[in-house]
Each structure stands twice: as C-alpha cells, then as structure tokens.
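Asker: need coordinates for the below:
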Amino acid sequence: MSQAGIPPMIPRNAALRGSWIAKLVAVVMLMAFFVGFVEWFIIRVEVNAGQILVLVNKTGRRLPDNLAPEFDDQVVLYPELVQAIAKKTGRAEDGVRRDYKGIRYEVMPEGRYFPNPYSFKVVKFNATVIGQNEMGILVRKFGKPLPFPKTVATESDERGPVAEILRPGRYNINLLAYDVQRFPVVQIPEGHVGVVTLLSGDDPKRRNTFTVEPGEKGVQHQTLPPGLEYYNPYLKHIEVVDVRSHKYDMLKDDAIHFPSNDSFTITIEGTIEWAIRPERVAEIIVAYGDATDILDKIILPNVRSIARIQGSKLAAREFITGKTRTAFQDHILSELKRECWEQGIDIKAALVRDIQPPAEIANLISQREQADQEIERSTNQMAEAKSEAKLVEQREMQSQNRAIGEARRQVVSVTKEAEQHKGVAVTQAQRELEVSKLELEAASNQAEAIHARGQAEANVVLFDYRAKAEPLARSVKAFGDGTTYAQQFFLQRVAPAVRSILTNTDGPFAEIFKELQNFSHAPAQQTGDKR
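Answerer: Numbering: from 1, shown residues only. Predicted coordinates for the structure are as follows:
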C-alpha cells in the first residue's frame, strides 16, 4: 500500500487519549460537585444561636456484656462508662467514644458541622433556659440506681435527681441524658418564716421529737428568714408559715355559751388576737398544723374552758355591770395568755365585745341596774355637796392663813432688813480695821526697809575705806614706818615729772641749761682771741 492510503496512527491515539482525559475530568468534576452538593445540602448541620447538637453513634460495637451490673442497661456514653470500657478493653477513651454505639454525653454548641449520616444520628435541642423566679432540677437518665435511702444523686455516676440546682440562666444540657424539671422559687414574704423538712440526711439521734438537729432527716428547728429560697425539692421541703398577728371574731354561732352560777345561760361574743411564737414555729406546725388547726386545737378550747370556768362563778346579773365585765375580761386574758404561751402561742389581746344575759332576766337586771345607778348618782351628788362645802371651808381657811402669812412675812422682812443693816455696819468697821492694820504693817515694813538701806549704804562706804586702807597699811609696814613710805610715795609721784622736764628740750627749764652751756663756751673763745 502506498503511504498515502495508510491512516496516520499517532494522531488517532492522541485524540483518543484526549477524549479519555476529558471524560475523566468531567467525571471527577461531576463527582466533586455531587460530593459537595451532598455534603452542603444533605450532610451539613447548622446549629443556630440558642441551640445545641447531640450525636448518637449508629454504627460500631455494642457495649460489652457483663462489664458491671450497673452498666448493663446503659445507652449513654458518659465518662464513667467510657473509662470502664477503656480499662477493660485497653483502648483509648476517644476510641471508645468513636467505636461503640450509644448516645454521646458531650454536647456541641452553636456552629456548622458535617457529621457522617451513616455513622451518626444528629439531634438538635434548644438550650435550656431557667427563667426568673424558678429553678431547675436535673434528673439523670444514666448511671447506677440510687442506694436506699438516698433521694438525690450526689455522685456523678448515680441515676436520679441531681442534688445541685439550676439557678436562672442558660445551660447547654444533653436532653437525651437528662430531664430538666422546673419548680417555682419559694418566696418567704415579710412577717413569715420557712419551716424546712430534710428528705435526705442522717437518721435522728433522738427519737419521737417534733424537730431534729441540723443535718438530720426531719423537720429542722431553725427556720428560714424572709427572702427568696432556691432549694432542691427532692432534698428538702419548705413550708411558709405566717408569724404575724391573727384575729378571730367569736360571733353568732362561734360565740361562747355557758351557765352562770344561778343556772342562766350566758352568751359572750369577743375577739382574740394571737400569733405563733417565732422560736417555736417548727414545733407548732408539726404538733398542731396550720393556723386553722392552731385555732381549733389550742385557742378556742382554752378560751371556752376558761370562760366557762370563770363565768360559772358569777351570777347572771353580775355580767351586766361594767366593773364585773372588765374584771371578767382581764381574767380571761391573763389565764388564756398563760395557757397558750406554754403551748407556743402568744395571745396579744382577748376582748369581750358583748355579754348577753338571758332575755327573761335582762329587763329586771337592767331595771335594778338603773336603780343602782340612780342611787349611786344621788350618793355622788351628796358627796359632791359635801365636797363643795369642804371646799368653801378650805377657801376661808386659805384666806385666813394667807393674812397671817402676810403679817408674818412683814415682821420677818423688817427683822431681816435690820439684821442686814447691822451686818453691813459691822462689815464696814471690820474692813476699816483691817485697812488700818495693813497700813500700820506697811509703815513698819517701810521703816525697816529704810533702815536696812541706810545700813547697807554705810557698810558699802566702810568696806570701800577698808579696801583702800588695807593696801596702804601693808605698804607702810613694808617700808618700816610712815615717813619712809611718804618719801617713796613722793618720789614716785615726782620722778615722772622730773624725767619729763629733763627730757623736754623746748621748755623753760631747758632754756636755763642752754644759757649755762653758752656761758661755759664764751671764755674759751675770748682766750683764743687773745692768743
């Protein structure tokens, strides 16, 4: 064959190779697009704000059997279970979390995730928010059953209500591992206290008591003051008790009925004000109950008993007079306060509002009371008249006594005035006498001072002369007699003057010597001339 009839081989292979590469690139791009599409639109999980994500391992190994009795029914891979499996199998804890089926304990916060849908099931929950004036209790779904008699879980691997409470706020809680129960916060208002009952704790050391010691199961003696109380209802119970004053009116059907001393039925209506003693609130609530029980079991039985006992000592007519009624009311109050105080109740007041005697004697008693009042009014008028007469007599006596007192005051005034003048004159004379004595003493002192001053001056002169005479006497004694000393003294005085005269070449004395000198030279000259 000619070369022109043979198709070229190299270009055909290059074309085939280029076509295969293009197809391969297209397939790769399609697969990449498919993978990106699946990953972005199917696998991608967006956890928005306020949400959390929980992963559930769908594939992997089953939890090992007979790991421990408390782990046989677990489905949550919580830390204690993961540690136990890792210890038994020798695997790392991260490998246990990844390779075993179950609910993962950890939660994932807001963000974007790409979990493998074949290996994981994703569950999104809203974050748990505990609002104001409420509290949350976590109930753990995994872990060991609570041992008797515990009511709350205090260990991290115990199942049941957790001891710690959730206060207001946001919490990222795995709701596949926990239930969240919400309870209102107990608010103890002013004038109230909270009585606490511990549901879990030590057994009481003292049996058959209304309250127990702190930390023991039962009603606590110490109460809670006003305020908000966050507490675990599985751990303790709080009952709010009103310790303010309560008022109860005993009217109509609740009025007290009792027979009088003369067998008449007396009806009393009244009002009682009472309150629970704060230091015995817990004991009273356990022993008797709420305010209604306290009223029915303590206050009303005591007031009815005291009223009947005391009222049966009086006749029916004595309940009409005000004095008897007041005494009866005071007696009821004192007796009721004493009886109820011992039982933990403070009676503030017990007021008898109305006493109703029987109708058949009410009019007679009223008429008799009016007659007694009229007699008492007449007696009072007579007493007033006697008082007025006595008052007039006292006024006259006061006038007479006032006149006598005035005369006595005048006598006393004149006497006092004379005594004052006498005292003034005596005082003046004594003052003049004292002044004269002082002047005499001053003159004596002055004379003594003048004499002392003259004596001092004479002594000064004498001492001066002595001071001058003593050196002169010693000098005279040194020269033997006075004449020699006088010559010496004279020479001492004259010598300086003579020396001055002799040394002075300008004075008249020097002129004399000059003339003598000139006279001595003159004959010699004359003699020379003669030669």
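
Asker: now the helices: where do they sit in the stretch 151-300 of the chain?
Answerer: Along the stretch 151-300 of the chain, the stretches classed as helices by DSSP state H, counting those that start in this stretch are 281-287, 291-294, 300-311.

Asker: which intervals of the stretch 1-150 of the chain have sub-threshold pLDDT?
Answerer: Across the stretch 1-150 of the chain, the ranges flagged by pLDDT under 70 are 1-18, 66, 68-72.

Asker: hmm, back to that, most neighbours per residue, which of the helices of the stretch 151-300 of the chain?
Answerer: Using mean count of other CB atoms under 10 Å, the stretch among the helices of the stretch 151-300 of the chain with the largest mean neighbour count is helix 281-287, at a mean of 20. Placement of C-beta: from N, CA and C, glycine included.

Asker: quick one: mean pLDDT for that helix?
Answerer: The pLDDT scores in helix 281-287 average 93.

Asker: and the nearest residue to residue 141 once chain neighbours are set aside, how many residues sit next to it?
Answerer: Taking CB to CB, 6 or more residues apart in numbering as the measure, residue 141 lies nearest to residue 177, with 5.7 Å between them; neighbours along the chain are not counted. Residue 177 has 21 neighbours, counted by other CB atoms under 10 Å.

Asker: measure residue 177 to residue 221 for me?
Answerer: 39 Å (CB to CB, to the nearest Å).

Asker: so what's the residue nearest to residue 141 up against?
Answerer: Listed by CB atoms under 8 Å, 6 or more residues apart in numbering, the contact set of residue 177 reads 76, 78, 103, 105, 140-142.

Asker: any idea which of the residues you listed is closest to residue 59?
Answerer: residue 103 (13.8 Å; CB to CB).

Asker: can you give me phi and psi for the closest one?
Answerer: Dihedral angles of residue 103 (phi, psi; degrees, to the nearest 10) stand at phi -90, psi 130.

Asker: same deal with residue 60?
Answerer: Dihedral angles for residue 60 - degrees, to the nearest 10 - are phi 120, psi -170.

Asker: tell me who's in contact with it.
Answerer: By CB under 8 Å, 6+ apart, the neighbours of residue 60 are 98-101, 119.

Asker: would a markdown table of these with secondary structure be doable?
Answerer: Output for the contacts of residue 60, formatted as a markdown table (DSSP: H, G, I helix; E, B strand; the rest coil):
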| residue | secondary structure |
| --- | --- |
| 98 | helix |
| 99 | helix |
| 100 | strand |
| 101 | coil |
| 119 | coil |
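
Asker: separate out the buried members of these.
Answerer: Among these, those classed as buried by 16 or more other CB atoms under 10 Å are residue 100.

Asker: could I get the contacts of residue 60 as a markdown table with distance to residue 264?
Answerer: Converted to a markdown table, the contacts of residue 60 look like this (distance: CB to CB, whole Å):
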| residue | distance to residue 264 |
| --- | --- |
| 98 | 96 |
| 99 | 97 |
| 100 | 92 |
| 101 | 90 |
| 119 | 96 |
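
Asker: can you pick out the most distant pair from the contacts of residue 60?
Answerer: 100 and 119 (11.9 Å).

Asker: between the two, which contacts overlap?
Answerer: If you check residue 100 and residue 119 against CB under 8 Å, 6+ apart, the residues they both contact are 57, 60.

Asker: quick check: longest helix of this protein.
Answerer: For the chain, the helix reaching the highest residue count under DSSP state H is reported as helix 359-479.

Asker: can I take it that residue 31 is in a strand?
Answerer: No - counting by three-state DSSP, residue 31 is not found in a strand; it is helix.

Asker: count the residues that sit near it.
Answerer: 10.

Asker: what of residue 64?
Answerer: 13.

Asker: that one: helix or strand, and which one exactly?
Answerer: Secondary structure assigned from DSSP states H and E places residue 64 in neither a helix nor a strand.

Asker: who's in contact with it?
Answerer: Applying CB under 8 Å, 6+ apart, the residues contacting residue 64 are 85, 88-89.

Asker: likewise residue 206?
Answerer: Applying CB under 8 Å, 6+ apart to residue 206 gives the contacts 212-213.

Asker: what are the phi and psi values for it?
Answerer: Torsion angles, degrees, to the nearest 10, at residue 206: phi -100, psi 130.

Asker: tell me the confidence at it?
Answerer: pLDDT for residue 206: 88.

Asker: likewise for residue 292?
Answerer: According to the model, residue 292 scores 92 on pLDDT.

Asker: how close does it sit to residue 333?
Answerer: Residue 292 sits 23 Å away from residue 333, going by CB to CB.

Asker: repeat that for residue 459.
Answerer: From residue 459 to residue 333 the distance is 106 Å (CB to CB).

Asker: which residues sit against stretch 282-289?
Answerer: By CB under 8 Å, 6+ apart, stretch 282-289 touches 195-196, 210-211, 219-223, 239, 241, 276-277, 294, 297-298, 343-345.

Asker: buried among those residues? Make that a PyMOL selection.
Answerer: Filtering the contacts of stretch 282-289 down to the buried ones (16+ other CB under 10 Å) takes a single PyMOL command:
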select buried, resi 195+196+211+219+220+221+223+239+241+276+294+298+343+344+345
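
Asker: which ones among the contacts of stretch 282-289 are found in strands?
Answerer: By the criterion of DSSP state E, membership of the contacts of stretch 282-289 in strands covers 195-196, 219, 239, 241, 276, 345.

Asker: residue 488: which of those residues is nearest?
Answerer: residue 196 (132.2 Å).

Asker: close enough to count as contact, the closest one and residue 219?
Answerer: Yes - the pair residue 196 / residue 219 is scored as a contact, 7.4 Å apart, by CB atoms under 8 Å.

Asker: who has more neighbours, residue 459 and residue 333?
Answerer: Between residue 459 and residue 333, residue 333 has the larger neighbour count (other CB under 10 Å), namely 19 against 10.

Asker: so can I have CSV of the ones in strands among the contacts of stretch 282-289 showing pLDDT?
Answerer: Formatted as CSV, the ones in strands among the contacts of stretch 282-289 follow (pLDDT from 0 to 100):
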residue, pLDDT
195, 96
196, 95
219, 94
239, 94
241, 95
276, 95
345, 94
